Structure formats: C-alpha cells, structure tokens
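Okay, predicted coordinates and the sequence, questions at the end:
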There are 2 protein chains.
Amino acid sequence: MAKLKERENYRSRLKGVGLRHTLPRERILIYLDKKSTHPTPEELYQGLKKKGYNIGLSTVYLNLQVLRDSGLLWEFKDQKGNTRYDGFNEKHHHLFCLQCGSIEDVLIRELPEFDPDPIKKAVEARNGWFVEEARLELRGVCPQCQ
Amino acid sequence: MAKLKERENYRSRLKGVGLRHTLPRERILIYLDKKSTHPTPEELYQGLKKKGYNIGLSTVYLNLQVLRDSGLLWEFKDQKGNTRYDGFNEKHHHLFCLQCGSIEDVLIRELPEFDPDPIKKAVEARNGWFVEEARLELRGVCPQCQ
DNA sequence: CTTTTTTTTGAAAATAGTTTATATTATACA
DNA sequence: TGTATAATATAAACTATTTTCAAAAAAAAG
C-alpha cells in the first residue's frame, strides 16, 4: 500500500534528524512537498484544515520552527515580511514579483548557466565564512503583471 | 568646495528619478552610501540623530519608501523579519549569519565565478518574467561565530 | 518675491503575527 | 505493556514596528 510506504518515508526523514514521527509533522511535510508552494504559517494552517485535518495554529508554528531547525525546511521572509516555508525537495531559486508579490521557483537543473558550488567555495575561501546555502533572489515582474 | 559638489550630486540623483531634493533625503542617501551598512529604519533614525541632525522617525519611514520606490535603495528583510535598507553603490550579494544575524557584503567584482546577467536572460526567456535584479542570498556562519 | 505644491513632523493609533501557559494526549523504548 | 518523555491544543496576551493625521515648514515655479 502506497500510504504505508509514504508514512515510512516521513518517519525515516524525521528520525534521521532526531525528531519523533507525529501526525502533525507528517502532514506539514506532505503539504510542503507539493512543489512551488511557499505558505505562511496561517496559510498552511488553513490548508490543512481544509483537508479535514484537525490541527492547532500553535502546533503549526511550533513544528515549522522545529522542522526548520532540523534543516527539513527552508524559512524565508517575503517582501511584505511574512514568514514563509519551503519544503525544497529539489534545489531551486526564487523569483519575486515586485507588483503582486507572487513567488515562483526556478529549478537549478533548468538553469545550467549557474552552479552555486564554486561560489560557495570562493566565498568561504575569501570571506572566512562557512556557507551552508547559496540561493538566488530574483526580483522582477511576473507574466501576469506585465 | 567638496560639500557643494556632493550636494549637487545628490540633487541630480534625486532629480533623475523625479524627486525633490530635500535635506532629509540627502542625509538618508549619504548615510546609506557608507558601504556595508544595512540599517533598519530605527537604526538609521538613531544614526542621524547621533550626527546631530534633527529628523523625525516618520520622515525616515516615509522617505525610505519613496527612495525604494524610485529605485535608489534596495529593501530587504533580514532573518528576524526586520526591514533593512541598502544604498547599493556597488553591486553585491549578502551573506547572512544564521547564528548572530550579521550581514556581510560580497562584492560582485570580487566574485569572478559569477555573473548574474546570463542568468537574468535565461530566466526571462524560460519563465516569461522581467527580471530586474538577481542577487545571491548566502546563508552560513560568520568567522566570529565559528 | 509670491504663490503653489510638496514635504516634514510628532504624537497617537493601529496592526497582526507570534509566543506563552498549562492541561491533555501521544509516542518511544525498555 | 508500562513509564518517562515529548508533543498538542486552546485561548489569551504581547510587543514593537509601521501607519496615520493635520498643521507647519520647505522647495520649486513663475
């Protein structure tokens, strides 16, 4: 059964970073695995409710932070300052629309012009930092707003 | 006299984007021209007061937005969600320390491995967006926190 | 110089996302 | 299965940044 396999997948992802497997955590991860969604805590909460799941807003907040601290999620602030989360199954960059605020993913594998690894290394050598992530932040105008 | 020349410089920068030259605007621009500062509105306000300038906090807020809307400043949110401003005299990327929150600039000219222009064009061609800016967001640990 | 338009200011109000507390419930592991 | 440990839910409270407003001042235009 596919559902059981999926559950084991999430169980091991959580266990892999030393976290317990719980239903809220699994549901949050599943929700964020849908590509190209970058919900705020509130949006995620509403989305899970709409699926018929019972979950508390503070549980959502708490677990988003726990999952982020364990490296399972990417947290960022959008242009309005709202906190947004990204399950980042596949490495990608973000395109921000300056007019409507929409966010689109640009997959790294679709962008052969750019490989972040040499840059990471160059910055580490030059600036003395340890670089964990290198992402592009692209700002512009989306097709709908043009 | 250098001061007069400088004033003309700011006057023309402001006029170039259709804004009036006023003392608060000039002082904000001068303050942000000091490289590698990314103050919040409050920090900028305090910094200007400390220099002996009389300026209102609401004036700072207002003009930061006006200057940003005219493309004279780059606005971004740090990891805590604080709004920060950047005068960007010279093109650069940002290094964010995940531990202490400090922000360091990485000048593009010091990073020959990376040229954003081909990426801009590729994304425009592939995604149908108009791309105004392409910056790297690097997250890691600064030398002090290691 | 005078007029018109735009900007500045200070205080007050709004805003809203996030955190906290604690009682309850679920999970892991022996 | 038992027990310790950790997670969840609910509602209330917080906290500080940002916005608003109207009068006063400054800048541009003629």
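That came through fine. Numbering: from 1, shown residues only, chains lettered A, B, ... in the order given.

so where is chain A shaky, pLDDT-wise?
A:1-4, A:35 (pLDDT under 70).

Give me the sheet partners of the lengthiest strand in chain A and which way each runs.
Longest strand of chain A, by residue count under DSSP state E: strand A:130-141. Strand A:130-141 sits in its sheet next to strand A:92-97 (parallel), strand B:130-141 (antiparallel), going by DSSP bridges.

buried set for the last one?
This points to strand B:130-141. B:130-131, B:133-141 (16 or more other CB atoms under 10 Å in any protein chain shown). For the C-beta atoms, the positions are set from N, CA and C on the backbone; glycine is no exception.

can you pull out the helices in chain A?
Under the criterion DSSP state H, helices of chain A are mapped to A:2-16, A:23-33, A:41-50, A:57-69, A:116-127.

hmm, back to that, is it possible to get a markdown table of the strands paired with strand A:130-141 that adds distance to B:Ile108?
Formatted as a markdown table, these follow (distance: least, CB to CB, whole Å):
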| stretch | distance to B:Ile108 |
| --- | --- |
| strand A:92-97 | 17 |
| strand B:130-141 | 9 |
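
Make CSV from those strands and add distance to DNA strand C to it.
What follows is the strands paired with strand A:130-141, written out as CSV (distance: least, CB to the nearest atom of the strand, whole Å):
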stretch, distance to DNA strand C
strand A:92-97, 17
strand B:130-141, 18
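
Can you check which of those strands gets nearest to B:Ile28?
strand B:130-141 (20.5 Å; CB to CB).

Run the chain-centre distance for the closest one.
Distance of strand B:130-141 from its chain centroid, counting by CA atoms, centre = their mean, to the nearest Å, is 13 Å.

and the angle from it to helix B:116-127?
Counting by axes from the mean of the first three to the mean of the last three CA atoms, to 10 degrees, strand B:130-141 lies at 120 degrees to helix B:116-127.

List the contacts of strand B:130-141.
For strand B:130-141, the surrounding residues in contact (CB atoms under 8 Å, 6 or more residues apart in numbering or on different chains) are A:95, A:98, A:116, A:119-120, A:123-124, A:129-141, A:146, B:74, B:93-99, B:106, B:114, B:116, B:119-120, B:123-124.

could you redo the last one with a cut-off of 7 Å?
For strand B:130-141, the external contacting residues (CB atoms under 7 Å, 6 or more residues apart in numbering or on different chains) are A:98, A:119, A:123, A:129-141, A:146, B:93-99, B:106, B:116, B:119-120, B:123-124.

Pull it out as PDB, backbone CA atoms only.
Provided in PDB are the C-alpha atoms of strand B:130-141 (Å, rounded to 0.1, in the frame of the first residue of the first chain):
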ATOM      1  CA  PHE B 130      11.000  40.500 -16.500                       C
ATOM      2  CA  VAL B 131      14.000  40.200 -14.100                       C
ATOM      3  CA  GLU B 132      15.100  43.500 -12.600                       C
ATOM      4  CA  GLU B 133      17.700  42.200 -10.100                       C
ATOM      5  CA  ALA B 134      19.500  38.900  -9.500                       C
ATOM      6  CA  ARG B 135      21.300  38.600  -6.200                       C
ATOM      7  CA  LEU B 136      22.700  35.800  -4.200                       C
ATOM      8  CA  GLU B 137      21.400  35.100  -0.800                       C
ATOM      9  CA  LEU B 138      24.100  33.200   1.100                       C
ATOM     10  CA  ARG B 139      23.400  31.700   4.500                       C
ATOM     11  CA  GLY B 140      26.100  30.300   6.800                       C
ATOM     12  CA  VAL B 141      28.200  31.000   9.800                       C
END
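
Many thanks, I have nothing further to ask.
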